[in-house]
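>>> Provide a 3D model corresponding to the input given below.
(one chain, ligands or ions: 1)
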Amino acid sequence: MAYHWVADIEGESRTITYDELHREVCRTANALIELGVKKGDRIAVYMPMIPEAIFAMLAFARLGAIHSVVFGGFSAEALSSRILDSDCRFVVTADGAFRRGAPSPLKPAVDEALKSCPDVAAVLVVKRTAGEVEWVEGRDHWWHDVVERQSDLHEPEAFPAETTMFIMYTSGTTAKPKGIYHTTAGYLTQAATTHYNVFDVKAESDVCWTAADIGWITGHTYIVYGPLINGVTQVMYEGLPDSGGRDRWWKIISEYKVTILYTAPTTIRTLMKWGDQFPEGFDLTSLRLLGTVGEPINPEAWMCYREHIGGNRCPIVDTWWQTETGAILCSPLPGITATKPGAAMRALPGISIAVVDDAGNEVGRGEGGYLVVTAPWPAMTRGIWGDPDRYLDTYWSRFPGTYFAGDGAKLDPEGDLWLLGRVDDVMNISGHRLSTTEVEHALVGHPAVAEAAVVGASDDTTGQAIVAFVTLKLSAEDANKDQAALVEELRDHVAHVISPIAKPRQIILTPALPKTRSGKIMRRLLRDVAENRSLGDVTTLTDPTVVNMIAGLMVTDAASDD
Ligand code: AMP
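The predicted model follows:
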């Protein structure tokens, strides 16, 4: 068995054997050939978590075409910028998706995005909901019309090892996302070996559930490529953790006898917040290994994962890696590494890391510094699509010859690795990377906003949450608006421009932002304000009173929430 696909709506599911998967992928590949897809073409995949998304990815790989999966929660604008950046000529999507039992349309966002992407020749649409959709004759094709009538025989093409296989956009420190691209042989080798070693998989008996979306790298490497190469059985789940009730995850684990669960700390914290009564009613004894990824896991969440989900029986692998690394680089190995709650422990065999100071010298044990990778690895990204200079500048210029990951870290006295969060302007919201600049641009795009500064502030559930400080244009119309309504409008605006995951937790309207004499916004101070810390050095500010005023506004805002 390849997948047990479990729908958002309880009771709907599909099992797909490896033979069926192979035939579905061949049919899809033949359909794509009919639509004109050729080697090297870029294709955007904007899909819910349904099996067709995987059929499409694998069919593109078979044809040597390059897939760029865009998370289905992204906005039309985010989709169009990604389509344009890599000049995608085809889009695969669905009419809609299900969220907590209700249909939610997807195709309208594609139609909207394509208004600014005239070079997209064809859109292949899976019918997932019963909703009506707008149709562009000649451009749009139903999946069931084009794919289902194809032959299930297709000869895969052979390509050199360094052929680009996919692009995955991720946020950097500027407003423009980076198209990180990966090639075939190195990526696939490490996807498979890390999946095999870190999760200690046994193809004949394991049921793996990577509870992530295929719109992120975790989905690519540990729902699609790694597990399929290793021939394991997987659960693929379409819904949210509480679709159908807060016990949904535990129902799925007990029904499908999941043995390996891999998820993000933010989900563990949410499940913890809901309470032990939900997992307690279910038989979770099939579980034998737990994994976490995406952000540092706090020791409380780690212990809860171990005790309440893993029954004090399952090792936890805290896996550190990135879109750019393609596969896990640091993690304990089950049965080999003694674990510590909150530590990613060790670089995997073959991976060389160091923690260095500003000058690139290794820091002492117990001291914080920058995490670098000092030797190449097979699945490393081969670059940023269309922007080789940005690639060199972002990863290779800070410490020439070593890969700069953008994370702070320390090695403890025993040499075990602890991640300390991002050291750049990248936020980590529920394990999703977002740049402060991206959110600032979205805010400034609103007609009422003059200037915006965004910081990531620590949050009990989502790891970090977005706090925005905004100055308004002094138009008469906005001056008369109710400020609370305007804040809500701005929050919705960001969700619309980027994605609901980018919606600020808090927006503080302020008459001014703290700036240095050279005109730079002092985000460090705003982060102190947002996290309720005493303020650091304010002497370089043009007007040091501004930051105290903002701190006062923050307190008032928090009080009005209560
Ligand atoms: P992404 O490329 O979206 O997967 O995000 C990668 C970033 O997530 C890393 O640079 C880290 O900041 C963070 N991250 C991923 N895994 C871990 C982990 N196990 N512990 C701490 N941070 C992590």
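
>>> isn't T461 right next to R269, touching?
Yes. If you go by C-beta atoms under 8 Å, T461 and R269 touch, sitting 5.1 Å apart. Yep, even glycine has a C-beta here, placed from its N, CA and C like the rest.

>>> which parts of the chain sit against the ligand?
Taking C-beta under 6 Å from any ligand atom, the part of the chain that reaches the ligand is made up of 170, 217, 293-296, 318-323, 344, 405-407, 419, 422, 428, 433.

>>> Which among those residues count as buried?
Neighbour-count burial (16 or more other C-beta atoms under 10 Å) applied to these gives 170, 217, 293-296, 318-323, 344, 405-407, 419, 422, 428, 433.

>>> So which of the residues you listed are in helices?
Taking DSSP state H as the definition of helices, these contribute I217.

>>> Mind checking which of the buried ones among the residues of the chain next to the ligand land in strands?
In strands, judged by DSSP state E, the following of these are found: 170, 293, 318-319, 405-407, 419, 422, 428, 433.

>>> mind giving me a markdown table with the residues you listed and columns for distance to D95 and pLDDT?
Below are these laid out as a markdown table (distance: C-beta to C-beta, whole Å; pLDDT from 0 to 100):
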| residue | distance to D95 | pLDDT |
| --- | --- | --- |
| T170 | 27 | 91 |
| V293 | 31 | 95 |
| D318 | 39 | 97 |
| T319 | 35 | 98 |
| A405 | 39 | 96 |
| G406 | 38 | 93 |
| D407 | 39 | 93 |
| L419 | 40 | 91 |
| R422 | 37 | 84 |
| N428 | 32 | 90 |
| R433 | 29 | 83 |
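
>>> Backbone dihedrals for A212, please?
Torsion angles at A212 (phi, psi; degrees, to the nearest 10) stand at phi -140, psi 180.

>>> What of R491?
Residue torsions, per degrees, to the nearest 10, at R491 are phi -60, psi -40.

>>> do the same with the one 4 residues further on
Taking degrees, to the nearest 10, you get phi -60, psi -40 for the backbone angles of A495.

>>> ditto for the one 4 residues further on
Here is the backbone geometry of S499 (degrees, to the nearest 10): phi 180, psi 160.

>>> Roughly how far does it sit from V92?
19 Å (C-beta to C-beta, to the nearest Å).

>>> Please say which of the two ends up with more neighbours.
A count of neighbours by other C-beta atoms under 10 Å puts V92 above the other of S499 and V92, at 28 against 20.

>>> Quick one: mean pLDDT for the helix or strand where that one lies?
Using DSSP states H and E, V92 sits in strand 90-94. Averaged across strand 90-94, the pLDDT comes to 98.

>>> Next: stretch 124-135.
When pLDDT is averaged over stretch 124-135, the result is 95.

>>> List of residues touching it?
31-32, 35, 47-48, 50, 52, 56, 90-98, 103, 105, 107-108, 111, 140-144, 146-147 (C-beta atoms under 8 Å, 6 or more residues apart in numbering).

>>> what residues go with each domain of the chain?
Listed by automatic domain parsing, the domain ranges of the chain are 20-159, 199-318, 430-561.

>>> Which ones among the contacts of stretch 124-135 map onto strands?
Using DSSP E, the members of those that fall in strands are 90-94, 96-98, 103, 105, 140-142.

>>> Just the buried subset of those, written out for PyMOL, thanks.
Listed next is the PyMOL selection for buried residues among the ones in strands among the contacts of stretch 124-135, using 16+ other C-beta under 10 Å:
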select buried, resi 90+91+92+93+94+96+97+98+103+105+140+141
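
>>> what's the closest of the ones in strands among the contacts of stretch 124-135 to the ligand?
The shortest gap between the ligand and any of the ones in strands among the contacts of stretch 124-135 belongs to A97, at 21.2 Å (C-beta to the nearest ligand atom).

>>> tell me the two of the ones in strands among the buried ones among the residues of the chain next to the ligand that are most distant?
T170 and D318 (20.6 Å; C-beta to C-beta).

>>> what's near enough to touch E137?
E137 neighbours (C-beta under 8 Å, 6+ apart): none.

>>> of T461 and R269, who's got more company?
Taking neighbours as other C-beta under 10 Å, T461 and R269 compare with R269 leading, 22 against 14.

>>> That one: what secondary structure?
In three-state terms, and counting by DSSP: H, G, I helix; E, B strand; the rest coil, R269 is helix.

>>> if I pick it, what's in contact with it?
R269 makes contact with 298, 301, 460-461 under the criterion C-beta under 8 Å, 6+ apart.

>>> ok, Y196 - contacts?
Taking C-beta under 8 Å, 6+ apart, we find Y196 in contact with 226, 230.

>>> What separation do you get for it and N230?
For Y196, the distance to N230 - C-beta to C-beta - is 5 Å.

>>> which stretches of the stretch 1-150 of the chain have low pLDDT?
Under the criterion pLDDT under 70, no range of the stretch 1-150 of the chain is flagged.

>>> phi, psi of the closest residue to the ligand within the stretch 1-150 of the chain?
At 10.5 Å from the ligand, F71 is the closest residue in the stretch 1-150 of the chain, using C-beta to the nearest ligand atom. Main-chain dihedrals, F71, degrees, to the nearest 10: phi -50, psi 130.

>>> neighbours around the residue nearest to it when sequence neighbours are not counted, how many?
Among residues not flanking F71 along the chain, G215 sits closest, at 3.0 Å (C-beta to C-beta, 6 or more residues apart in numbering). A count of nearby residues for G215, using other C-beta under 10 Å, gives 23.

>>> begin at 52 from here
Will do, 52 is the new start, and the previous item becomes G266.

>>> what about G266, which helix or strand?
Counting by DSSP H and E, G266 is part of no helix or strand.

>>> What does the pLDDT read for it?
Looking at G266, the pLDDT reads 94.

>>> Is it correct that H492 is in contact with K227?
No. With contact defined as C-beta under 8 Å, H492 does not count as touching K227 (9.3 Å).

>>> Give the helix, strand or coil label for the closest residue in space to A563 that isn't next to it in sequence.
Closest residue in space to A563, ignoring its immediate chain neighbours: V597 at 4.8 Å, by C-beta to C-beta, 6+ apart. What three-state DSSP gives for V597 is helix.

>>> returning to that earlier point: would you convert the domains of the chain into JSON lines that also reports distance to P439?
Below are these laid out as JSON lines (distance: least, C-beta to C-beta, whole Å):
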{"stretch": "domain 71-210", "distance to P439": "14"}
{"stretch": "domain 250-369", "distance to P439": "21"}
{"stretch": "domain 481-612", "distance to P439": "20"}
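
>>> Any idea which of the ones you listed gets closest to A389?
It's domain 250-369; of the domains of the chain, that one is closest to A389 (C-beta to C-beta) at 9.6 Å.

>>> Give me the three-state assignment for H205.
Judged by three-state DSSP, the three-state class of H205 is coil.

>>> Relative to S119, how far out is it?
Counting by C-beta to C-beta, the gap from H205 to S119 is 22 Å.

>>> Neighbour count: these two, which is higher?
More neighbours surround S119 than the other of H205 and S119, with 23 against 20 (other C-beta under 10 Å).

>>> what's the neighbour count on P228?
23.

>>> Low-confidence stretches in this structure?
In the chain (pLDDT under 70), the answer is 525-531, 568-571, 587-591, 593, 609-613.

>>> List the buried residues for stretch 215-229?
215-223, 226-229.

>>> Ok, stretch 171-179 next?
171, 173-177, 179.

>>> Just to check, F122 is in contact with G270?
No. When contacts are counted by C-beta under 8 Å, F122 is not listed as touching G270 (9.1 Å).

>>> So for those two, which sits in the more crowded spot?
Per other C-beta under 10 Å, whichever of F122 and G270 has more neighbours is G270, with 23 against 20.

>>> Tell me which residues touch the more buried one, please.
120, 261, 263-264.

>>> Work out for me the element it sits within.
G270 belongs to helix 268-270 when assigned by DSSP H and E.

>>> Alright, I will stop here.
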